[in-house]
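Engineer: only the shape, not the letters, is given here:
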């Protein structure tokens, strides 16, 4: 593997990993959390 190949591989992996921390991903996870909480009977009885 050359330095150029390594650089390209690491750059690609970094961009993929960074998507886990984006605003869209955060919103998606928050929406899933609120959906689970709203559909849990214990959450409704409090």
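Structural biologist: Cool, the structure landed. Bear in mind the structure is a predicted one, so any value in this text is a computation, not a measurement.

Engineer: let me see the contact set for residue 22.
Structural biologist: By CB atoms under 8 Å, 6 or more residues apart in numbering, the contact set of residue 22 is empty. Quick note: C-beta positions are derived from backbone N, CA and C, even for glycine.

Engineer: tell me the spacing between it and residue 28.
Structural biologist: 10 Å (CB to CB, to the nearest Å).

Engineer: for residue 8, same thing?
Structural biologist: Noted for residue 8: a distance of 28 Å to residue 28, by CB to CB.

Engineer: just for this structure, where's the confidence low?
Structural biologist: 43-46 (pLDDT under 70).

Engineer: which stretches of it form helices?
Structural biologist: 3-18, 23-39, 41-44 (DSSP state H).

Engineer: how about those in TSV, adding mean neighbour count?
Structural biologist: Formatted as TSV, those follow (neighbours: other CB atoms under 10 Å):
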stretch	mean neighbour count
helix 3-18	10
helix 23-39	10
helix 41-44	8
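
Engineer: what's in contact with stretch 6-13?
Structural biologist: residue 1.

Engineer: try it again with 10 Å
Structural biologist: By CB atoms under 10 Å, 6 or more residues apart in numbering, the surrounding residues in contact with stretch 6-13 are 1-2.

Engineer: distance from it to the middle of the chain?
Structural biologist: Relative to its chain's centre, stretch 6-13 lies at 20 Å (CA atoms, centre = their mean, to the nearest Å).

Engineer: please name the residues that touch the residue nearest the centre of the chain.
Structural biologist: Centroid-nearest residue in the chain: residue 20, 3.4 Å away (criterion: CA atoms, centre = their mean). Residue 20 makes contact with 26, 29, according to CB under 10 Å, 6+ apart.

Engineer: distance of it relative to residue 34?
Structural biologist: 19 Å.

Engineer: cool, residue 12 as well?
Structural biologist: For residue 12, the distance to residue 34 equals 33 Å [CB to CB].

Engineer: likewise residue 13?
Structural biologist: Taking CB to CB, one finds residue 13 at 31 Å from residue 34.
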